[in-house]
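K.L.:
Sequence and predicted structure are below.
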Amino acid sequence: MKQLKNTLFSITFLMAAAMLPQQAFAHCQIPCGIFDDHARVQAMLEDTTTVEKSVKLIVELSGKTDAQSQNQIVRWVMNKEKHAQNIIATISDYFLTQRVKLSQKDYAERLAKHHAVMIAAMKAKQNADLNSVNSLKQSIEALSLYYPEHKH
């Protein structure tokens with residue numbers, strides 16, 4: 001009887017998990033050609049600006065001990081984490097899977113620069129200092145050479 005309950009619980013849990021909305025990162029991995037690489041870079045820079053604002057407010061609130069300030073610190077930390085993770089997801093799920101290709105003559109250089117963005121985003125998640133944010137911004141700006149704006 002206990003095993004039947006465990007099995008029913010497992011099936012119910014899996015079915016419930018399957019029905020939860022799934023977050024889609026970047027884009028499907030088919031060559032549809034509708035995405036603007038330059039816009040993706042700009043979106044990562046916008047995420048970086050959000051990380052920067054979060055860091056500034058975390059630092060500003062860090063000396064305060066009242067409940068509202070502590071609540072706001074938690075919210076800004078979560079915000080910083082989310083936007084840094086957006087950058088990591090954009091690099092891994094979009095650029096590394098669709099734009100950095102072994103056939104490119106500068107493949108190793110491109111790969112290293114994209115990896116540098118992921119490392120800088122990880123460090124921005126781990127730290128609450130503007131040096132980490134500046135490194136992140138610079139690493140993303142280094143990618144902009146590969147993804148110039150196209151005038152339509």
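P.N.:
Nice, I can see it. What you are looking at is a predicted structure, and each value in this text was computed from that prediction instead of being measured.

K.L.:
Give me the phi and psi for residue 128.
P.N.:
When read as degrees, to the nearest 10, the backbone of residue 128 gives phi -120, psi 60.

K.L.:
And it, how close does it get to residue 140?
P.N.:
19 Å (C-beta to C-beta, to the nearest Å). C-beta here means a position set from N, CA and C on the backbone, and glycine is covered the same way.

K.L.:
The two: which has the busier surroundings?
P.N.:
Between residue 128 and residue 140, residue 140 has the larger neighbour count (other C-beta atoms under 10 Å), namely 25 against 20.

K.L.:
I'd like the distance between residue 69 and residue 59.
P.N.:
Residue 69 is 12 Å from residue 59, by C-beta to C-beta.

K.L.:
got it, and residue 38?
P.N.:
Distance, residue 38 to residue 59, by C-beta to C-beta: 32 Å.

K.L.:
can you check residue 82 too?
P.N.:
Counting by C-beta to C-beta - residue 82 and residue 59 are separated by 18 Å.

K.L.:
next one: residue 36
P.N.:
From residue 36 to residue 59 the distance is 34 Å (C-beta to C-beta).

K.L.:
Could you do residue 114 as well?
P.N.:
Applying C-beta to C-beta to residue 114 and residue 59 gives a distance of 29 Å.
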